[in-house]
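A.B. asks: how would this look folded up:
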Amino acid sequence: MLASSSSPFKYELAAIALAEAAVARDEVIAAKYGVSTRTIQRWRNRMTTDSQLACLVTLKKQQLAERWAVDAGLWLQGLAGTVLGNAALPLAKGETPSDRIHSAAGAFKIISEASMGWSALNPDEEKAAQSRAARLEKFRQDSNSLTQQEQEFDCD
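C.D. replies: Just a heads-up that it's a prediction; the model follows:
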């Protein structure tokens with residue numbers, strides 16, 4: 001059944017699905033949002049001519065990248081807590097301290113590689129994050145120089 005031409009285009013749904021499809025298979029995203037893979041392909045094609053959709057997809061990718069960074073940080077914190085907690089537990093039968101260290105190192109490696117993979121798949125997000133960090137650093141420097149100027153100004 002074809003969609004009615006009078007039904008409004010669902011920009012929000014298309015944008016979030018396309019943003020997620022940048023890092024996941026179309027089949028997975030289609031199932032998640034209850035659409036076909038062909039619909040995802042049509043949305044991707046539409047994005048090349050629809051500036052509103054393209055802009056919204058960019059925004060959704062930025063939001064996903066920010067959420068990913070927070071989630072990865074929380075995973076690392078949780079993993080570190082688990083590793084420390086497990087270090088206090090007695091070893092299981094047949095387990096050696098090196099087994100435990102090897103498992104923890106493997107978990108850290110997986111999270112690190114996933115984080116690098118996200119950065120590789122979304123280079124624009126990395127540049128945007130670097131730009132935000134540079135602007136924040138400039139703001140801090142400007143604030144410090146104002147504080148110095150205020151201190152040097154003698155009100156007496």
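A.B. asks: Just the mean pLDDT for the lengthiest helix in the chain, thanks.
C.D. replies: In the chain, assigned by DSSP state H, the helix with the most residues is helix 51-88. For helix 51-88, mean pLDDT rounds to 78.
A.B. asks: name the helices or strands packed onto that helix?
C.D. replies: Contacts defined by 3 or more CB pairs under 8 Å, 6 or more residues apart in numbering; DSSP states H and E place helix 51-88 against helix 11-21, helix 37-47, helix 97-121, helix 123-152. The C-beta positions use only the backbone N, C-alpha and C, and glycine is treated the same way.
A.B. asks: got any ranges where this protein has weak pLDDT?
C.D. replies: Applying pLDDT under 70 to the chain picks out residues 1-6, 69-70, 72-73, 76, 83-84, 86-88, 115, 117-156.
A.B. asks: Okay, domains of it per the record?
C.D. replies: 11-121, 122-156 (automatic domain parsing).
A.B. asks: Going by neighbour count, list what's buried in stretch 33-44.
C.D. replies: Going by neighbour count (16 or more other CB atoms under 10 Å), the buried part of stretch 33-44 is 33, 35, 39, 40, 43, 44.
A.B. asks: and for it, what are the contacting residues?
C.D. replies: 13, 14, 16, 17, 18, 21, 26, 27, 29, 30, 53 (CB atoms under 8 Å, 6 or more residues apart in numbering).
A.B. asks: please redo it, this time with the cut-off set to 10 Å
C.D. replies: 3, 9-11, 13-18, 20-22, 25-31, 50, 53, 57 (CB atoms under 10 Å, 6 or more residues apart in numbering).
A.B. asks: again with stretch 16-25
C.D. replies: The contact list for stretch 16-25, computed with CB under 10 Å, 6+ apart, reads 10, 26-35, 37, 39-41, 43-44, 46-47, 53-54, 56-65, 68, 117-118, 121-122.
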